[in-house]
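[1] sequence first, predicted coordinates after that:
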Amino acid sequence: MEVRILKVHELAPEAAINNNPAWKANVEATKDIKKASSDDLDWADAIVFSVPTRFGNLAAQMKQFIDLQGSLWAQGKLMNKVVSGMSSAQNPHGGQEATIKSLYTSMMHWGAIIVSPGYTDASIFKAGGNPYGTVVTQGQDGKMVEDVKDAVFH
């Protein structure tokens, strides 16, 4: 089995990134990660999206990436893909569930098969109890507040 860890294209201006130490550190830490493309979605049998929350919505970077997949969708190449989602925000109840549900709305239009964790394991409750997908609160220092590792692996 081959696994690809990819990121989407950054849209934010450099000044905005530089004004946020955690964001800047993330950009530096992920600089060598390949950018996702339509070909990657076509190749994959299963896709796990990890999406930052911006005011209860998908971050613009991910929204643009999904919006650019119209050709794959029109060709039926996203149909029956197994998908799941995770999200993060800087505050508890910062819209992570809404973000995942928004992501899943696009996946429903694709005809994808959504696999959420549900309430199926104690690790889900330990990580905050979200049945839609694992969510995490990220502090100003860029570190995760909750212990979600077991929930992610579940």
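    Right, received. Where do you want to start?
[2] which residue is nearest the middle of the protein?
    What sits nearest the mean C-alpha location of the chain, by C-alpha atoms, centre = their mean, is residue 50, with 1.9 Å.
[3] so how far is residue 99 from that one?
    With distances taken as C-beta to C-beta, to the nearest Å, residue 50 is found 11 Å from residue 99. The C-beta positions use only the backbone N, C-alpha and C, and glycine is treated the same way.
[4] and for these two, which residues touch both?
    Shared contacts of residue 50 and residue 99 (C-beta atoms under 8 Å, 6 or more residues apart in numbering): residue 87.
[5] check for me that residue 25 belongs to a strand.
    No. Assessed with DSSP: H, G, I helix; E, B strand; the rest coil, residue 25 is helix; it does not lie in a strand.
[6] and the pLDDT for it?
    pLDDT recorded at residue 25 is 91.
[7] can you check residue 40 too?
    Value for residue 40, per-residue pLDDT: 99.
[8] out of all of them, which helix in the chain is the longest?
    Determined from DSSP state H, the single longest helix within the chain is helix 96-110.
[9] how far off centre is that helix?
    Distance of helix 96-110 from the chain centroid (C-alpha atoms, centre = their mean, to the nearest Å) equals 10 Å.
[10] quick one: low-confidence ranges for this protein?
    140, 142, 144-146 (pLDDT under 70).
[11] could you pull out the strands for it?
    In the chain, the strands defined using DSSP state E lie at 46-54, 57-58, 82-89, 113-114, 135-137.
[12] which residues are contacting the second one?
    Outside strand 57-58, the residues within contact range by C-beta under 8 Å, 6+ apart are 51, 63, 66, 95, 98, 99, 102, 103.
[13] would you turn those residues into CSV with neighbour count and distance to residue 128?
    Shown next, in CSV, are the contacts of strand 57-58 (neighbours: other C-beta atoms under 10 Å; distance: C-beta to C-beta, whole Å):
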residue, neighbour count, distance to residue 128
51, 25, 16
63, 18, 24
66, 20, 25
95, 18, 14
98, 17, 15
99, 29, 14
102, 21, 19
103, 25, 18
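[14] show me which pair in those residues is furthest apart.
    The span of the contacts of strand 57-58, defined through C-beta to C-beta, is set by 66 and 95 at 17.2 Å.
[15] can you give me the end-to-end span of stretch 73-81?
    Distance between the two ends of stretch 73-81: 11 Å, counting by C-alpha to C-alpha, to the nearest Å.
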